[in-house]
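S.K.: Sequence first, then the predicted structure, then my questions.
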Amino acid sequence: MPNFIMSYLGSTVTPGQAGNQFWALIYVLIIFAGVSVAVMAMNWLERKSLAHFQIRLGPMRVGPHGLLQPFADALKLMLKEDIIPAEADQFVFWIAPLIGLLASFTVYTVIPFGPSEAVSDMNIGILFMLGISSLAVLGIVVAGWASNSHYPLIGALRSSAQMVSYEVAMGLAVVSAILMTSLNEKGTGTLSMIGIVQAQQQQGIWFIFKFFPLGFLAFAIFAVAMVAETNRAPFDMAEAESELTAGYHTEYSGFRWSLFMLAEYAAMIAVSSIAVTLWLGGWMRPFPNLLHAPAWDFIFSLFPGLTFGGLAAIAVLGTVRMPSHSFFKIQRFGLAAFAALLGFIALLLLVIALAGRSADASLAARFSEGIGHVYWFMLKVAVFMYLFIWYRATWPRYRFDQLMRIGWKVMLPISLGVLMLTAIVGVIIS
Amino acid sequence: MNPAINTAVGGGMAPVATTFFFYLLGGLAIAGGLAVITRRNAVHSALSLIVTLLSVAGLYLMLYAPFVAGVQIIVYAGGIMVLFLFVIMLVNVETSSKERQFNRIWPIGLVAACTLLALFMSAFTKGKALFPDRMVTLAEGSNTQQIANMLYGEAGRMGPYTFAFEIASLLLLVAILGAVIMTKKKI
């Protein structure tokens, strides 16, 4: 058995090819666990950041600085009574959260965390991703209808109209990015997510900077449309609490409600990954072609360890600054333990980076390279996740007619124009 | 299982349990189709139709046409069915599902169904004469490019379906304009 596993580690088959079901299964498990943990972390970060945006403290009681709050929330949601309204359509009410959750998690099968750190390399990757994420709206629509209540129904109708409208602009922006892949030396376009990042590597430019400002405009349209697609502020008309109590999930409680939340945050990570893959160079570190000397490779491979080291330093600072009252004894101990854990991870990453420096083909070098890919990808996605919180704290909610007007009369014409200009410029230059 | 053998096979995606998946997807499609016409609740019918459309997308995948499968999911399951549901929710499903159906077109439906069945039976029995005797080898990796070559032509020449494709897009454009003109009083 160990030989069997080691032979897989040594083999060079790319994901998605035959003979790689083993890696695919492991990646699926890692991604499922990772996304769930990321959603919990995001939950904590959102509450904390929103609080700090408004000069509040946010959760402070459960664990040091509220670090254990997501676990407490999860436990509460598991234990809550699961209510199905008497007049609701039982079966549809039951299946609606699952549709959204399945759609949000299925897209992770094509997200490339690295050239070989992906579940599969479908040749229709981006098309598959857009298709599956367009199914997520079904969960919302059906949930609103099955609740058999007015506010959820209005929320669902708003949501479906909004998502169908913004999908058009989003799709056109994506097409202009795909067009750019076909304008490399070989002249072959691709829909594969891994292929799109490799095209950016070959052309030596992130697509956000290509044909400036065309690439940037397409990216900007996608960045706005993805907020609308995931029903987040300022486009959270579907769950506008001042108008519709909670929108489509008003009648949901406990575990089912938490499935909706899980699906929403998973979808946010998924659309951010599309943006990162198409325009921001996916798993590539900054300047992979310009600064390609082994010394630069080594310097950039230190980044993951240093990041965790920085987090550990913040945790240590928090431990030191904890009030010296005896009430805070346990919290201080817990935060110190958390700092130690972060420091240990940092140390481990630094050791792998140092070990990977010496020999090129060693296991440590492969690990170091893979960690680098996943690190840079996740760092770029994390920026988007912070932006989602920032938007929510900053901008007031749009009115529904304003939302529709922007979608159809501003975003759609601009994205059509960008698409045509990209094609024209591409033909002229190549 | 030896990875060396797998890498030897690994030139393309080797199909796994093809028969099983064909019957699974086909069965799902048929079950969904039956549910569409037997459910009295329109939303249940629409959901069953989505199941059918997704299973058909899976069948396209098994025919080595991933692009068609992806487009099927985006256009039908993600786009058209959402609009269907949108419209169904605006009408009062509760009362309409209890109303007596007064249309009497089932004899026509029966005739149509029997004709279709006869067509399928004849295709099934004469299959050897109608279809090529072996599967055409298709390059799965370039399915998208092949479709593009068919529709838009390659190397400056028109593809075999360029004209039909453009005519169809013109027809759709006319339909869109017609819809806008009919709904808007003032333009």
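M.R.: Looks like it came in fine.

S.K.: show me where pLDDT drops low in the stretch 151-300 of chain A?
M.R.: A:184-187, A:238, A:240-241 (pLDDT under 70).

S.K.: Now with 80, please.
M.R.: A:182-189, A:233, A:236-249, A:251, A:254, A:288-295 (pLDDT under 80).

S.K.: Give the phi and psi angles for A:Glu251, as a check.
M.R.: phi -90, psi 0 (degrees, to the nearest 10).

S.K.: and if you look at A:Leu153?
M.R.: Backbone phi and psi, for A:Leu153 under degrees, to the nearest 10, turn out to be phi -60, psi -40.

S.K.: roughly how far apart are the closest residue to it other than its chain neighbours and A:Ile429?
M.R.: Distances taken as C-beta to C-beta, 6 or more residues apart in numbering or on different chains place A:Gly144 nearest to A:Leu153, at 5.1 Å, with adjacent residues excluded. Yep, even glycine has a C-beta here, placed from its N, CA and C like the rest. Per C-beta to C-beta, to the nearest Å, A:Gly144 is found 48 Å from A:Ile429.

S.K.: B:Gly33 too?
M.R.: To A:Ile429, B:Gly33 is 50 Å away according to C-beta to C-beta.

S.K.: out of those two, which sits in the busier spot?
M.R.: Using other C-beta atoms under 10 Å in any protein chain shown, the more surrounded residue of B:Gly33 and A:Ile429 is B:Gly33, with 16 against 8.

S.K.: Contacts only, for the residue nearest to A:Leu153.
M.R.: Listed by C-beta atoms under 8 Å, 6 or more residues apart in numbering or on different chains, the contact partners of A:Gly144 are A:Pro152, A:Leu153, A:Ile154, A:Gly155, A:Ala156, A:Leu157, A:Ser159, A:Gly247, A:Tyr248, B:Met89.

S.K.: What residue spans form the domains of chain B?
M.R.: B:15-96, B:136-187 (automatic domain parsing).

S.K.: average pLDDT for the shortest one?
M.R.: So that's domain B:136-187. Here domain B:136-187 scores 80 as its mean pLDDT.

S.K.: hey, which of the domains of chain B is tucked in deepest?
M.R.: Stretch with highest mean neighbour count among the domains of chain B: domain B:15-96 (a mean of 17; mean count of other C-beta atoms under 10 Å in any protein chain shown).

S.K.: any idea of the mean pLDDT in that one?
M.R.: On average, domain B:15-96 scores 84.

S.K.: and that domain, is it in reach of chain A?
M.R.: Yes. With C-beta under 8 Å from any C-beta of the partner chain as the criterion, chain A is reached by domain B:15-96 at B:41, B:43-44, B:47, B:50, B:66-67, B:69-71, B:73-74, B:77-79, B:81-83, B:85-86, B:89-90.

S.K.: from the residues you listed, which ones fall inside helices?
M.R.: In helices, defined here by DSSP state H, the members of these are B:43-44, B:47, B:50, B:66-67, B:69-71, B:81-83, B:85-86, B:89-90.

S.K.: Can you name the two of these that sit furthest apart?
M.R.: Using C-beta to C-beta, those span at most 35.2 Å, a distance reached by B:Pro66 and B:Leu90.

S.K.: distance between the ends of stretch B:57-67?
M.R.: Using C-alpha to C-alpha, to the nearest Å, the end-to-end distance of stretch B:57-67 comes out at 10 Å.

S.K.: Give me the contacts around stretch A:79-87.
M.R.: A:Gln90, A:Phe93, A:Trp94, A:Ser147, A:Asn148, A:Ser149, A:Glu251, A:Ser253, A:Gly254, A:Phe255, A:Arg256.

S.K.: go on, stretch B:78-89?
M.R.: Residues contacting stretch B:78-89 (C-beta under 8 Å, 6+ apart): A:131, A:134-135, A:137-138, A:141-142, A:144-145, A:153, A:156-157, A:160-161, A:163-164, A:167, B:42-43, B:46, B:49-50, B:53.

S.K.: how about 7 Å then?
M.R.: The contact list for stretch B:78-89 (C-beta atoms under 7 Å, 6 or more residues apart in numbering or on different chains) reads A:131, A:134-135, A:137-138, A:141, A:145, A:153, A:157, A:160, A:164, B:42-43, B:46, B:49-50, B:53.

S.K.: can you put the contacts of stretch A:79-87 in a markdown table and add distance to A:Phe308 and neighbour count?
M.R.: Below are the contacts of stretch A:79-87 laid out as a markdown table (distance: C-beta to C-beta, whole Å; neighbours: other C-beta atoms under 10 Å in any protein chain shown):
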| residue | distance to A:Phe308 | neighbour count |
| --- | --- | --- |
| A:Gln90 | 47 | 11 |
| A:Phe93 | 43 | 20 |
| A:Trp94 | 41 | 13 |
| A:Ser147 | 44 | 26 |
| A:Asn148 | 49 | 17 |
| A:Ser149 | 47 | 17 |
| A:Glu251 | 42 | 23 |
| A:Ser253 | 38 | 15 |
| A:Gly254 | 35 | 15 |
| A:Phe255 | 33 | 14 |
| A:Arg256 | 36 | 21 |
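
S.K.: between those, which is nearest chain B?
M.R.: Comparing the contacts of stretch A:79-87 against chain B with C-beta to the nearest C-beta places A:Asn148 closest, at 8.9 Å.

S.K.: Would you check that A:Ala233 makes contact with A:Pro396?
M.R.: No. Between A:Ala233 and A:Pro396 there is no contact under C-beta atoms under 7 Å: 8.7 Å.
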